[in-house]
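**Q** Predicted model and sequence below, questions to follow.
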Amino acid sequence: MLDIITNMLSMCIPFSVALLLASLGEMFNQRAGVFNLGCEGVMAMGAFVGMLIPFLAGQGGAVAPVYNVLGFVSAALLGVLFGLFFGVITVTFRAPQGIAGIGLQMFGVGTAGTLFRHFVGGTQSIPGISDIDIPLLSKIPFIGDVFFSHNIVAYLAYILVPVAWYILFKTYWGLKVRAVGTNPRAADSMGINVTRTRYEALALGGALAGLAGAYLSIAQAKMFSDTLISGRGFIAVALVYFGHWHPVQIMGGALLFTFAQTFQTVVQSMGISFPYELAVMLPYVLVIVVLSFTSRNQTTAPTALGKPFNREIRT
Amino acid sequence: MDNRIRSLKMEHITKRFPGVLASDDISISVGEGEVLALVGENGAGKTTLMNILMGLYQPDEGRILINDQPVRFRGPEDAFKAGLGMVHQTYMLVPNMTVTENVALGYRNTGKKRYDIKEVRKRIEEVSSQYELLVNPDAYIWQLSVGEQQKVELVKTLCLGARFLILDEPTSALTPQEVDELIVLLQRMTKELSIIFISHKLQEVKALSDKVTILRHGKVVFSGNTSEHSPQEIAAKMTGHEIILPRNAGSAKAGATVLSVENAVVMSDRKIPALNGLNLEIRAGEIVGLAGVSGNGQRELAEAINGLRKTESGRIVFLGEDIANCSPREIIDRGMGYIPEERNTEGIVPPFSIKENFVLKDIASPSFSSNGFVNGKKIDSTAEKLVSRFDIRCPGIDTAAGSLSGGNIQKVILAREIERKPKFLVAVYPTRGLDMGAVEFIHSELLKIRESGIGILLISEELDEIMNLSDRIAVIYKGVIQKVLDKNEATRERLGILMAGVKEE
């Protein structure tokens, strides 16, 4: 029994990384007043490029770690491009963000799948990156397995939680981001460039979504397929609301969701007679239920979320 | 470096917008330590002129001089650097950030490169003690009252180095107590600063300013020393004709009770009781003014009467029947009229045209539709009639109601409610933020409705408005009626004491 629990919990951290990265990125977008429903599409592109580079380098065989790094870096850069592209549509041309985001999602997922068939063809696996056992700590029973024997990117992603908190609440840039997402008119009157700040936040959000995708293909699945992302981008958007735009609460949400997911796989593998279709639904139902009970606390929300800013128009 | 602003002049400023001459050869001048009141009706061009001064608009003609040197502001940053600071009518604060963070947002404009929140905090404390502007630097903006937020705006502007303040209608959202405080505060500040303040409340202009410049239709119609002119003179120059606010001179000929609220208990948004067993009776043909500091249950009372808020216990008897917790539709159909507090969000549907807003409550009635089809001609003719009868200044009845000025929006609401021939009217802050001409119009309409035998509950923070119009004045404090006074028993002092919660023997 303890084995099962250890097993279940030790999957939580590595499996939650993609969600965590994507939702932290989405948090920056939304704090600046733009929600990017295209997160899923950016993740798909990141996953594809992230996998393509080590795959081409090694033709399916072993590769030097530098190619994995290169995969992550290119995924992040591609994410930046997608973020800026989304900025052109929603910030400069002030298109409705929901529709633009759905467009970006379809574009990203479709393009990634098409390019994958062109450059890779069928299912191909890559060696990916392996887990690192942290000396001493990983030897502690239970705790070692759960916390201290994961891949390097997982550790980095979790270090990003306090870093994101620091950026958002303790730096001038974070202050600007929060201001343009809540009262852009006030920010404008203080000489802050609303458009530029929103672009910057979108670039950062895109980079993190790209990294999240690359994590899925390089570190988690060690392959790419059309269904690799399977809704994680949308869950990431939901987690931002769930976590009240706060990095620590978002991390909690990512872990809770991942736990529900591993729980259902474990339940299935234990052979308990329970319709598996319902078990698979569990994490998603959980998100909906939790979201409906989350308090609508207007005091922290970026109230200009979804609203394009136009200095000339008085509202 | 001597960076004092000894004089500021705007000379022959002209600004054209498509189809409008917003500023027509305007000149103003302010010396060191002076307070200039810029007065005029809504749309007279006051805010445009200040936007030019702050660099938000470029003038087509004319120039700005500081200490007799011509300056050019390409944007607000240039104006900041020259030492100008503006407190906008709608506060430019970010609600989910602290006071310190809000100030820090603009701190780069003072030439600081490093982001040091502690230094900003220290600066706030310096400024707030220097000017006795008490603010808590760690409070979030959403926790503060409107009056406190205004202090934050002032502190912010001063922290960012302003030596010349522009205040755009600083009192329009304040309670009377807060207004008195602000006036004292600004009087103290004039020892070190020059101020331009925009207003159309003449008591304030008298209390504060040294000089007054009156704008009408984009032109200066008068400039002079405030002390030499009475508020009546200034008002007349502002509107172009003598303004005498109408008074309720009628003797009480009130009829039967129309509305009585009995032991009503109603919760506020924060789920605490806002009305604690309130009792109030209003008869046909009388205006009952509800005086009180805002936040003592006025909004909740108005909403409960109109079915927009749940009545936990007690009764609201309208024409002999209990309407507590009836749906708004039922209450409207029984003849309740309502001028809501938020005219832009509750009173009209802003993107809808004027004519659509006129028939919002009656679109389903046989006069405007039959078998599910609307009668466009009937709606148009009614709308034309109302627009001319209420003198609503608009390009046409198809104009979006939200694009009108505050006074005209209020006229649209009033026209709709009166046209429905209500049996009772609840008017909540009906003249808040309106200019004198519009106030005069609304007041005389309310008195006309009263004459026709309709009971009115008038909720207002303006004691003058309440005292001018009411037959009886009820003072509300913490969700109960402190006392109901007859109009000739009421004095400002007595009302003020009752509003502060002091019980009379």
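**A** Perfect, I can see it now. Numbering: from 1, shown residues only, chains lettered A, B, ... in the order given.
**Q** could you say which helix or strand contains B:Ile481?
**A** If you go by DSSP states H and E, B:Ile481 is part of strand B:480-486.
**Q** in whichever helix or strand comes after that strand, what's buried?
**A** The helix or strand immediately downstream of strand B:480-486 is helix B:492-499, counting by DSSP H and E. Residues B:495-496, B:498-499 are the ones in helix B:492-499 that count as buried (16 or more other Cβ atoms under 10 Å in any protein chain shown). For every residue, glycine as well, the C-beta is placed using N, CA and C.
**Q** Same check on stretch A:7-27?
**A** A:8-27.
**Q** Can I get that stretch in CSV, CA atoms only?
**A** Taking C-alpha atoms only, stretch A:7-27 is exported to CSV below (Å, rounded to 0.1, in the frame of the first residue of the first chain):
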residue,chain,number,x,y,z
ASN,A,7,4.5,5.8,-6.4
MET,A,8,1.5,8.1,-6.8
LEU,A,9,3.1,11.0,-5.0
SER,A,10,6.4,10.6,-6.7
MET,A,11,4.7,11.1,-10.1
CYS,A,12,3.0,14.3,-8.9
ILE,A,13,6.0,16.6,-9.1
PRO,A,14,7.3,15.6,-12.6
PHE,A,15,3.8,15.4,-14.1
SER,A,16,2.8,18.8,-12.8
VAL,A,17,5.7,20.7,-14.3
ALA,A,18,4.2,21.4,-17.7
LEU,A,19,1.0,22.7,-16.1
LEU,A,20,3.0,24.7,-13.6
LEU,A,21,5.2,26.4,-16.3
ALA,A,22,2.3,27.1,-18.6
SER,A,23,0.1,28.5,-15.8
LEU,A,24,2.8,30.7,-14.4
GLY,A,25,3.2,32.1,-18.0
GLU,A,26,-0.5,32.6,-18.3
MET,A,27,-0.4,34.3,-14.9
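**Q** quick check, it touching chain B?
**A** No. Counting by Cβ under 8 Å from any Cβ of the partner chain, chain B is not contacted by stretch A:7-27; separation bottoms out at 14.1 Å.
**Q** quick one: secondary structure of B:Asn296?
**A** Recorded secondary structure, B:Asn296: coil (DSSP: H, G, I helix; E, B strand; the rest coil).
**Q** Looks like it contacts B:Val475 (just checking).
**A** No. If you go by Cβ atoms under 8 Å, B:Asn296 and B:Val475 don't touch, sitting 9.2 Å apart.
**Q** more crowded one of these two?
**A** B:Val475 (27 against 22; other Cβ atoms under 10 Å in any protein chain shown).
**Q** Surely the more buried one is within a helix?
**A** No. Read with three-state DSSP, B:Val475 is strand and lies in no helix.
**Q** How about it: which residues does it bridge to?
**A** With DSSP bridges as the criterion, B:Val475 is bridged to B:Ala291, B:Lys483.
**Q** How about the contacts made by residue 205?
**A** Here I'm looking at chain A. Residues in contact with A:Gly205 (Cβ atoms under 8 Å, 6 or more residues apart in numbering or on different chains) are A:25-29, A:36, A:39, A:83.
**Q** that's the wrong chain, I wanted chain B
**A** Going by Cβ under 8 Å, 6+ apart, B:Val205 touches B:37, B:39, B:199, B:212, B:226, B:231, B:234.
**Q** Neighbours of the residue lying closest to it once chain neighbours are set aside, how many?
**A** In space, and not counting its chain neighbours, B:Val205 is closest to B:Ala37: 4.3 Å by Cβ to Cβ, 6 or more residues apart in numbering or on different chains. Neighbourhood size, B:Ala37 [other Cβ under 10 Å]: 26.
**Q** Need the three-state assignment for B:Ala37.
**A** B:Ala37 is classified as strand under three-state DSSP.
**Q** Wait, it touches B:Leu215, no?
**A** No. The pair B:Ala37 / B:Leu215 is not scored as a contact, 11.0 Å apart, by Cβ under 8 Å.
**Q** show me what contacts B:Lys423?
**A** B:258, B:284, B:319, B:334-336, B:454-455.
**Q** Work out for me the element B:Val387 sits within.
**A** In the assignment (DSSP H and E), B:Val387 maps to helix B:376-389.
**Q** list the buried ones in that helix?
**A** Buried positions in helix B:376-389, judged by neighbour count with 16+ other Cβ under 10 Å: B:379, B:382-383, B:386-387.
**Q** One more: stretch A:196-215?
**A** Neighbour counts over stretch A:196-215 (16+ other Cβ under 10 Å) mark A:197-215 as buried.
**Q** How about stretch B:232-245?
**A** Result for stretch B:232-245 [16+ other Cβ under 10 Å]: buried residues B:234-239, B:243.
**Q** which parts of chain B sit against chain A?
**A** B:75-77, B:80, B:88, B:90-97, B:101-102, B:104-106, B:108-109, B:115, B:117, B:140, B:142.
**Q** let's see 7 Å
**A** B:76-77, B:88, B:92-97, B:101, B:104-106, B:109, B:115, B:140, B:142 (Cβ under 7 Å from any Cβ of the partner chain).
**Q** What average pLDDT does the helix or strand where A:Ile5 lies get?
**A** Assigned by DSSP H and E, A:Ile5 belongs to helix A:2-31. Mean pLDDT, computed over helix A:2-31, is 91.
**Q** tell me what it is packed against?
**A** The contact analysis (3 or more Cβ pairs under 7 Å, 6 or more residues apart in numbering or on different chains; DSSP states H and E) places helix A:2-31 against helix A:39-58, helix A:143-147, helix A:152-170, helix A:172-182, helix A:194-214, helix A:232-242, helix A:247-269.
**Q** Quick one: residues contacting the residue in the stretch 1-150 of chain A positioned nearest to chain B.
**A** Nearest to chain B in the stretch 1-150 of chain A, going by Cβ to the nearest Cβ, is A:Arg31, at a distance of 9.9 Å. Shown in contact with A:Arg31 (Cβ atoms under 7 Å, 6 or more residues apart in numbering or on different chains): A:168, A:177-178, A:181, A:201, A:245, A:302.
**Q** Kindly recompute the last result at 6 Å.
**A** By Cβ atoms under 6 Å, 6 or more residues apart in numbering or on different chains, the contact list for A:Arg31 reads A:177-178, A:181, A:245, A:302.
**Q** Quick check: B:Asp25 vs B:Lys211, distance?
**A** B:Asp25 is 19 Å from B:Lys211, where distance means Cβ to Cβ, to the nearest Å.
**Q** Tell me which of those two has more neighbours.
**A** Neighbours per residue, other Cβ under 10 Å: of B:Asp25 and B:Lys211, the larger number sits with B:Lys211, 19 against 14.
**Q** just checking, that one touches B:Val35?
**A** No. If you go by Cβ atoms under 6 Å, B:Lys211 and B:Val35 don't touch, sitting 7.5 Å apart.
**Q** check contacts around residue 14.
**A** If you meant another chain, say so; for now it's chain A. When contacts are counted by Cβ under 6 Å, 6+ apart, A:Pro14 touches A:150, A:154.
**Q** nope, chain B please
**A** With contact set as Cβ under 6 Å, 6+ apart, B:Thr14 has these partners: B:23, B:25, B:60-62.
**Q** one step back: list buried residues within the contacts of A:Arg31.
**A** A:177-178, A:181, A:245, A:302.
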